[in-house]
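A.B. asks: This is a predicted model, with the sequence first.
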Amino acid sequence: MVGRTKKTKKQEEADRDTLPGFVRPDTGRAPKADLAWHVRAWGRWVLNETRKELAPFYPTYADFEPLNLKNPKPYEPQEMRLVPLQDDGTPDLDALNAEFSAAYLADRRNPRWVAKPTVAYLWARTVTCKNCRATVPLLKTRWLCKKANKRVLLTMEPGRDRSGVVFGIDDDVPVQGGNAAQRRENDKRIGAGTMSRAGAQCPCCSAIMTMEDIRFEGKAGRLGMVATAVVTESQTSKAYRLPTAHEIDCASRAEAELDRVFADIPFGLPTEPTPAGGGSGAGRAFSIQGYGLMRWCDLFTSRQLLAMGTFVKHVRGVTSASAMALPLDWGDAVLAELGCCVSRLADRASAVASWQNSPEKIRNTFSRFALPITWDFCEVMPWADSSGGFEQGVEWVAEVCEHLLAATATGEGQARMASATVADCPSLDVVLTDPPYYDAIPYSDCMDFFYVWLRRSLHGLSATFDAAFAKPLSPKWDVAANDGELIDDSSRHGGDAGKSKTTYEDGMARAFVACEKSLQPDGRLVIVFAHKHPDAWGTLVSAIIRAGFIVDGSWPIQTERAARTRSLSSAALSSSLWIVCKKRPAAAKLGWDNRVLEEMRANITTRLRDFWDAGIRGPDFVWAATGPALEAYSKHPVVKKANDPGQVMTVGEFLVHVRRMVVDFVVGEVLTGNGDGSDTAAADRMDSPTAYYLLHRHDFGLGDAPAGACILYATACGISDHDLEVTWDLISTKGDAGTRGRGDAEMDEGDIEGDEDDGDDEGTSSGGQMKLKGWAQRQGRNMGYDAPSGRPIPLIDRVHRLMHLWRAGDVHKVDEYLDDNGLRRHELFRRLVQSLIELSERGSDERTLLESLSNHIGGRGATAQKGEFMPDARGWGREDEQ
């Protein structure tokens, strides 16, 4: 029923607080009891029932202080007190303040007991030192909060008997250092934990436990855990304190309750095996079994398991509480959504979740599609309002329900579970799919983390649920049926990496054939593709063309949620590529490469200008242009080489030409720099290392850049990422940039400093990071004088050599170098210098050097005028000319 008038905010809050079976005075208007309302109502019922049981295991403390902290009356500080509980499990603060009169409490300046609800408990895994046998906490960082106006540090000292450490809290850490670099270095030093890439250092004897030692202890079941801090909600912000003995005892007592709670839950504790991980393919994302975490229940502490089991029990209890109150289909829908609330809680209530020190919040288990071990983890308070609690999850799910109800208001949709390789839906207008990307994401293995809790929440409540959760774990690849989950994971094929890759590609091709059969003649296939490595893109497009489609468009659309706002011109890989395809006529003839390339160049020129003017930049610009270019190629079932009729031009070969044209356009824009249009003729004369340098500098500056984008640019310039680092000394790699596509789980174990400074929660490229080297970092003795294998010296090397000479103050050598290399009248060189000036930071040493060097060149010798002879700096083969 729809209310008579629009609800006020107060009425909306009142509706959310009203539970089934509760009677409120008649307000004169009826509530809108849609699915979202029932999810909120029954979610609150589940929370209240669960809190009655769990509250004794999650104590709340109160501080003695006034409510008016700015103008308080004088008072004597007191030790914090444990808040007693009411029958419903909520804190009974009135009992603590019973000694005060109503008039006293009415004055906010008077001190009273103020509850400080717990937000989260912080823990660290521990290992026994092999040298002194002390208990070593495994900490990546000791920063609890690191903001500009709030700096809190966990202190740590060896205990008196040196059998372990004693923790403390420093909630006012001063900023030290004269500049930003010095401040970062100081913060890194004082906030260092016990972990490093070598392993863990014992705080008591300084001995090193290697990663292999820690893995050995984990497999033997000898990794422990210790409470380090408690995060609470104060009157003004989050606060940090040490855990009390009572809180530690509450966590320990939970284990004795597990058998009772899981006795009536289907399948009991989630003892199903975790993914083995390792090997090649998607399985690289998992490393937990290497530390003895063999079962899904091993990823939770005893108190977390108690909380999860209690929520599951009361979700299942909704069926009896709501008997005959809802139609059967409504009951299933509400239960399904409550099951999603439980699985969402699991994502934030595992021993893999961690605490972010800026902003102060929980980083969920699957902040990325990998499951590494977390050394210092976070245990959320299940009903915390601020971060990761069940109620917050209920609200998220309810909002999704509202969105879906609005989206389906004018028509119903159908949800079906079937193989994508079977064409069982004829006469479709559009097929839109977001397919798996090789080994990027191990979907079903990640899904098992949630599946085991959904199965326990819903199995046995309806035939639909029983059919969906019949097996212990989610579906994987079925060898006998040659069908199933399509990912590149060699563990599904007996460790055969080649077979795994072939199976994935063949399966994708069969899926696209099924799409072609399902579409009407004028239908469209839309593929959302976010894997931006050139090889993966080429294979995908090949499968699309073989299935009978013409690619006639590709658009970068920002569909990915990021923790911070990214501008439209951002070069980060924040977009997905939407590839639009149409059916190729059955009578289509084969094509010839020379004509196809000529048509491509004619088609793409105008589109490049349109994309550039629209503000598309970075790798997204390359991919946006690829779709229109592919129309000329994909309109033919096969494209042969005119000069070698027996050979065909592959998609990969065609894309090399496309990318080079796009690169020339971008480099031309950078060289022009005045908005008058791209000088592709000048860009075509640019040598490959310099072209890459300009591309990278323009889009990413001198900061970290995603390896996938860098590899794409390198490929487009006809140069390998290995050559960029080793041969030309243009980049440095970070993380796993050198081995693209590798999973991140193992890297996370050694990435000790990863959480210290990155407050945002953005996903990162699976291939690591690359960073362009500045001129001061490039100090090779032969740079600018010689090049490997007798190749021409890149212009960027010449510029950087001149900068070193100019910085040294040797004007004679500068002039000599300019004259010997014919650079005074080298127009491309002059424009490169000007571009580098514009790309450098104002006031930087680099900009000052370049400007003074440019003035010197202009003052001592005239430069070539436009149209005069310009030496060709390209000199040696690009990939498209080899």
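C.D. replies: Nice, thanks for sending it over. What you are looking at is a predicted structure, and each value in this text was computed from that prediction instead of being measured.
A.B. asks: Now do the SS call for the spatially closest residue to Ser302 that is not a sequence neighbour.
C.D. replies: Once flanking residues are discounted, Ser302 sits nearest to Glu255: 3.9 Å by Cβ to Cβ, 6 or more residues apart in numbering. Every residue, glycine included, has its C-beta placed from N, CA and C. Secondary structure, DSSP: H, G, I helix; E, B strand; the rest coil: Glu255 is helix.
A.B. asks: Look up how far Ala285 lies from Glu255.
C.D. replies: To Ala285, Glu255 is 30 Å away according to Cβ to Cβ, to the nearest Å.
A.B. asks: Who has more neighbours out of those two?
C.D. replies: In this view Glu255 and Ala285 are compared by other Cβ atoms under 10 Å, and Ala285 has more residues nearby, 27 against 13.
A.B. asks: And that one, what's its pLDDT?
C.D. replies: Looking at Ala285, its pLDDT stands at 86.
A.B. asks: pretty sure it is touching Gly277, no?
C.D. replies: Yes - counting by Cβ atoms under 8 Å, Gly277 is a contact partner of Ala285 at 7.1 Å.
A.B. asks: ok, how many other residues are close to Val352?
C.D. replies: Neighbours of Val352 using other Cβ under 10 Å come to 22.
A.B. asks: Give the phi and psi angles for it, as a check.
C.D. replies: phi -110, psi -20 (degrees, to the nearest 10).
A.B. asks: quick one, what contacts it?
C.D. replies: 299, 365, 371-374, 377 (Cβ atoms under 8 Å, 6 or more residues apart in numbering).
A.B. asks: Not counting sequence-adjacent ones, nearest residue to Arg510?
C.D. replies: Distances taken as Cβ to Cβ, 6+ apart put Thr421 closest to Arg510, at 4.2 Å, once the chain neighbours are dropped.
A.B. asks: Pretty sure the one you found sits against Asp506.
C.D. replies: No - the pair Thr421 and Asp506 does not pass the contact test of Cβ under 8 Å, sitting 9.6 Å apart.
A.B. asks: So those two - more neighbours on which side?
C.D. replies: Per other Cβ under 10 Å, whichever of Thr421 and Asp506 has more neighbours is Thr421, with 19 against 14.
A.B. asks: Student question: in this protein, what's the helix or strand with minimum average pLDDT?
C.D. replies: Least confident element among the helices and strands of the chain, by mean pLDDT, DSSP states H and E: helix 754-757 (a mean of 40).
A.B. asks: Tell me which strands the helix or strand following that one pairs with, and in which orientation.
C.D. replies: Sequence-wise, the next helix or strand downstream of helix 754-757 (DSSP states H and E) is strand 769-772. Under the criterion DSSP bridges, strand 769-772 sits next to strand 704-706 (antiparallel), strand 731-734 (antiparallel) in its sheet.
A.B. asks: most packed of those?
C.D. replies: strand 704-706 (a mean of 23; mean count of other Cβ atoms under 10 Å).
A.B. asks: now the helix or strand following it: mean pLDDT?
C.D. replies: Using DSSP H and E, the helix or strand that follows strand 704-706 towards the C-terminus is helix 707-716. The average pLDDT within helix 707-716 is 83.
A.B. asks: from now on call the first residue 675
C.D. replies: Sounds good: first residue 675 from here, last item helix 1381-1390.
A.B. asks: Which of the residues in helix 1381-1390 are classified as buried?
C.D. replies: The neighbour-count check on helix 1381-1390 (16 or more other Cβ atoms under 10 Å) flags 1381-1390 as buried.
A.B. asks: go on, stretch 943-958?
C.D. replies: Result for stretch 943-958 [16+ other Cβ under 10 Å]: buried residues 943-944, 946, 948-949, 951-952, 954-958.
A.B. asks: Quick check: end-to-end length of that stretch?
C.D. replies: Start-to-end span of stretch 943-958 (Cα to Cα, to the nearest Å) is 26 Å.
A.B. asks: just how off-centre is that stretch within its chain?
C.D. replies: What separates the centre of stretch 943-958 from the centre of its chain is 20 Å, taken as Cα atoms, centre = their mean, to the nearest Å.
A.B. asks: do stretch 1181-1192 as well
C.D. replies: Its chain's C-alpha centre lies 30 Å from the corresponding centre of stretch 1181-1192 when counted by Cα atoms, centre = their mean.
A.B. asks: Name the residues of that stretch that are buried.
C.D. replies: If you call a residue buried by 16+ other Cβ under 10 Å, then stretch 1181-1192 has these buried ones: 1181-1190, 1192.
A.B. asks: any chance of those residues in TSV, plus secondary structure?
C.D. replies: Converted to TSV, the buried residues of stretch 1181-1192 look like this (three-state DSSP):
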residue	secondary structure
Gly1181	helix
Met1182	helix
Ala1183	helix
Arg1184	helix
Ala1185	helix
Phe1186	helix
Val1187	helix
Ala1188	helix
Cys1189	helix
Glu1190	helix
Ser1192	helix
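A.B. asks: Output those residues as a markdown table; include the columns distance to Thr1346.
C.D. replies: Shown next, in a markdown table, are the buried residues of stretch 1181-1192 (distance: Cβ to Cβ, whole Å):
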| residue | distance to Thr1346 |
| --- | --- |
| Gly1181 | 46 |
| Met1182 | 41 |
| Ala1183 | 43 |
| Arg1184 | 47 |
| Ala1185 | 44 |
| Phe1186 | 41 |
| Val1187 | 45 |
| Ala1188 | 47 |
| Cys1189 | 42 |
| Glu1190 | 43 |
| Ser1192 | 47 |
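A.B. asks: Quick check: phi and psi on Trp716?
C.D. replies: Backbone geometry at Trp716, expressed as degrees, to the nearest 10, gives phi -70, psi -30.
A.B. asks: Out of the contacts of Val1026, give me the one that has the most neighbours.
C.D. replies: Counting by other Cβ under 10 Å, top hit in the contacts of Val1026: Leu1045 with 28 neighbours.
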